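Q: got a sequence here, can you build the structure:
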Amino acid sequence: MPVTRREAIERLAEIGTCEIPDWVLGLFPEKPGCGFVLRPRPGFPYLYEHAAEQNPYRRLRVICTAAVEADGKRWIHVSFSKPREAPSWADASRVKRVFIGDERKAIQVHPPASEYVNDHPFCLHWWSCLDGDGLPDFRHKGTV
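A: Reported below is the predicted structural model:
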């Protein structure tokens, strides 16, 4: 049975597995809709699964975190994966809409090979800066 975000944070705090800054509370949805259900685990208080997908091998899993990064700005990080295949563009768009929002810019990064980390072969990531844009304006004639 799904639990509320507050219940998840309280449980995880009791066993000492997470420390969540106050500014993070309220960033991520307690009841995200679109088939996603909050299913926190130790160390991952904002873990969601797309429970509407009946096939467990195609089920989308989403982990949301937020932190002050090296640039001194607050960033949202959303990782999303499937067990046996990469998420589709439709999956990525749904995750961005539900967990970052329609009007907030989200960034995917392809780092240099020397900086690449691959903990899961079918995991993708979105980043979104809460303190400004984080990127220059790339629009030409009003569109990207």
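Q: helix, strand, or coil at the residue nearest the centre of the chain?
A: When CA atoms, centre = their mean is applied to the chain, the residue found nearest the centroid is Val78 (1.9 Å). The three-state assignment at Val78 reads strand, by DSSP: H, G, I helix; E, B strand; the rest coil.
Q: am I right that it is in contact with Ile63?
A: Yes: counting by CB atoms under 8 Å, Val78 touches Ile63, with 7.3 Å between them. (Each C-beta comes from the backbone N, C-alpha and C, glycine too.)
Q: who does Cys64 form a beta bridge with?
A: Following DSSP bridges, Cys64 is listed with bridge partners Val78.
Q: and it, what is it in contact with?
A: 27-28, 46, 48, 76-78, 99 (CB atoms under 8 Å, 6 or more residues apart in numbering).
Q: quick check: it vs Phe44, distance?
A: Distance, Cys64 to Phe44, using CB to CB, to the nearest Å: 9 Å.
Q: ok, back up a step: which of the contacts of Cys64 has the largest number of neighbours?
A: Tyr48 (27 neighbours; other CB atoms under 10 Å).
Q: three-state assignment of that one?
A: State at Tyr48, reduced to three classes by three-state DSSP: strand.
Q: contact partners for it?
A: 32, 36-39, 61-64, 99.
Q: am I right that Arg97 sits in a helix?
A: Yes: assessed by three-state DSSP, Arg97 belongs to a helix.
Q: okay then, goodbye and thanks.
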